[in-house]
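Undergrad: Return a 3D structure for these sequence lines:
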Amino acid sequence: MAGEKILIIEDEVKISRFIELELKYEGYAVDQAFDGRSGLEKAISGEYDLLLLDVMLPSLNGMEVLRRLRQNSEVPVIMLTAKDQITDKVMGLDIGADDYMTKPFAIEELLARIRVALKRKKAVVQPQQNKTTLSLGSLTLDLDKYTLTYNGEFIELTKKEFDLMRYLMENRNSVLTRDRILETVWGYDYFGDTNVVDVYIRYLRSKIDDKYDIKLIHTVRGVGYVLKYEQ
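TA: Got it, this is the predicted structure:
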């Protein structure tokens, strides 16, 4: 863990300084930016292992920073904000955030979230070295092109939908609990509200099962979900 580089994009200098000191104490290398535009310029350099990104920023808000960053970078991003509405969280996750923390937060929890996000980043890199596509029936997920197709027809997915679909396909025919999906796909290290999993499962079903009149994503009542092909 020591030596991994984290960029803090936060306009409140005291908060940024506090987080910086805690991260350095844990052995991380730390850089800072105090507005969205300069933060984005640093972020797209590719030299950081993880970003802590505030939503309310001058010159360019955090959501727009994330939107532009995700055009060419998959660096893990944890959003920091005073907003706690579920719509704000879903928007951030939908654009491509890996996690979301509402201020004020305990530094211990933030450190735990960072460890999980960095661990997950290392884990997802490995399969891509050996296999670039995942298939189930006529459904094909291309890990290099970041696309999903059914019988060759392109299915548009957000980043989080793609991550969820990938996890389901990597574990096809295995029942996955909501907590396990939440922890792996969203990077959470605690078992809390799993409603966001159900929301994204509905998104995928509407784009795949409902559209093509097939049954791939199955609910296991009281447990979670399983992806399996049934003719």
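Undergrad: Give me the pLDDT value at the most centrally placed residue in the chain.
TA: Geometric centre of the chain, nearest residue: residue 98, 2.8 Å, by CA atoms, centre = their mean. For residue 98, the model assigns a pLDDT of 87.
Undergrad: same thing with the one 3 residues further on?
TA: The model reports residue 101 with a pLDDT of 89.
Undergrad: if I pick it, what's in contact with it?
TA: If you count contacts by CB atoms under 8 Å, 6 or more residues apart in numbering, residue 101 has them with 78-81, 109-110, 113. For glycine as for every other residue, the C-beta is placed from the backbone atoms N, C-alpha and C.
Undergrad: sorry, back to before: torsion angles phi and psi at the residue nearest to the centre of the chain?
TA: phi -90, psi -20 (degrees, to the nearest 10).
Undergrad: isn't it right up against residue 185?
TA: No: when contacts are counted by CB atoms under 8 Å, residue 98 is not listed as touching residue 185 (9.2 Å).
Undergrad: can you give me the helices for this structure?
TA: 13-25, 36-43, 62-69, 86-95, 107-130, 159-170, 178-185, 195-207, 209-212 (DSSP state H).
Undergrad: who are the neighbours in contact with residue 120?
TA: 76, 98, 184, 187.
Undergrad: Kindly indicate which of the residues you listed lies nearest residue 205.
TA: Using CB to CB, residue 184 comes nearest to residue 205 of the contacts of residue 120, at 19.4 Å.
Undergrad: how is the chain carved up into domains?
TA: 5-126, 131-227 (automatic domain parsing).
Undergrad: Can you give the distance of the shortest one from its chain's centre?
TA: To tie it back to what came earlier, the one meant is domain 131-227. 13 Å (CA atoms, centre = their mean, to the nearest Å).
Undergrad: quick one on the thing from earlier: could I get the helices of the chain as a markdown table with distance to residue 6 and mean pLDDT?
TA: Output for the helices of the chain, formatted as a markdown table (distance: least, CB to CB, whole Å; pLDDT from 0 to 100):
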| stretch | distance to residue 6 | mean pLDDT |
| --- | --- | --- |
| helix 13-25 | 6 | 95 |
| helix 36-43 | 11 | 94 |
| helix 62-69 | 15 | 92 |
| helix 86-95 | 18 | 76 |
| helix 107-130 | 7 | 75 |
| helix 159-170 | 20 | 92 |
| helix 178-185 | 21 | 84 |
| helix 195-207 | 25 | 92 |
| helix 209-212 | 39 | 92 |
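Undergrad: Please dump these into a markdown table; it should also carry distance to residue 225 for every row.
TA: Shown next, in a markdown table, are these (distance: least, CB to CB, whole Å):
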| stretch | distance to residue 225 |
| --- | --- |
| helix 13-25 | 35 |
| helix 36-43 | 33 |
| helix 62-69 | 27 |
| helix 86-95 | 18 |
| helix 107-130 | 19 |
| helix 159-170 | 7 |
| helix 178-185 | 7 |
| helix 195-207 | 6 |
| helix 209-212 | 12 |
